[in-house]
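Participant: could you look at this predicted model? Sequence included:
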Amino acid sequence: MRVVIDTNVIVSGLLFAGLPGQLLDEVRADHLDMCISEVLLSELQDVLSRAKFAYWLDQTDLTVRELVANLRRIATIVTVPEVPRIVIADPDDDHVLAAAVAANAGLIITGDSDLLSLGSHMGIAIVTVRQALARMAKP
């Protein structure tokens, strides 16, 4: 299944493990086709570079650049032709929606309440990590 995983979930999976880490393990095992745009990769690099993540980043023994490069290797990069204005409260969320449409994704996986409150976008379900993993567990 093709999915777009929001930056907040990727950061949690890379630095803190837990359910987001399990989700990234599913991507690494080729059970999910994670799609991401260049804009979202740039956002990820910016977020991981924040001082509040420095301690956790040190625990990975990788640099921000290496983490992003590793993610780039396991993800499908999609080109987003246009980013319509959908999420008034946070325009950055529009990039997640646009990437999902460009990727023809089956799911958008996020912890962002603005996105989750939409429920879906253009037929693409917007779910939490727990919900995504539960869907994968069903036969």
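Facilitator: All right, it came through fine.
Participant: in the protein, which spans are helices?
Facilitator: 7-15, 18-28, 38-48, 54-60, 64-74, 93-103, 113-116, 129-137 (DSSP state H).
Participant: who's in contact with Thr76?
Facilitator: Going by CB atoms under 8 Å, 6 or more residues apart in numbering, Thr76 touches 2, 33-36, 103. C-beta coordinates here come from the backbone N, C-alpha and C atoms, glycine included.
Participant: of those - the most surrounded one?
Facilitator: Ile36 (25 neighbours; other CB atoms under 10 Å).
Participant: out of the helices of the chain, which comes closest to Glu82?
Facilitator: Among the helices of the chain, the nearest to Glu82 by CB to CB is helix 93-103 (6.9 Å).
Participant: just the CA coordinates for the closest one, please, in PDB.
Facilitator: Extracted C-alpha coordinates of helix 93-103, given in PDB (Å, rounded to 0.1, in the frame of the first residue of the first chain):
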ATOM      1  CA  ASP A  93      -0.200  20.500   6.100                       C
ATOM      2  CA  ASP A  94      -1.300  21.200   2.600                       C
ATOM      3  CA  HIS A  95       2.000  19.700   1.300                       C
ATOM      4  CA  VAL A  96       1.100  16.400   3.000                       C
ATOM      5  CA  LEU A  97      -2.300  16.300   1.300                       C
ATOM      6  CA  ALA A  98      -0.800  17.300  -2.100                       C
ATOM      7  CA  ALA A  99       1.900  14.600  -1.800                       C
ATOM      8  CA  ALA A 100      -0.700  12.000  -1.000                       C
ATOM      9  CA  VAL A 101      -2.800  13.000  -4.100                       C
ATOM     10  CA  ALA A 102       0.300  13.000  -6.300                       C
ATOM     11  CA  ALA A 103       1.300   9.600  -5.000                       C
END
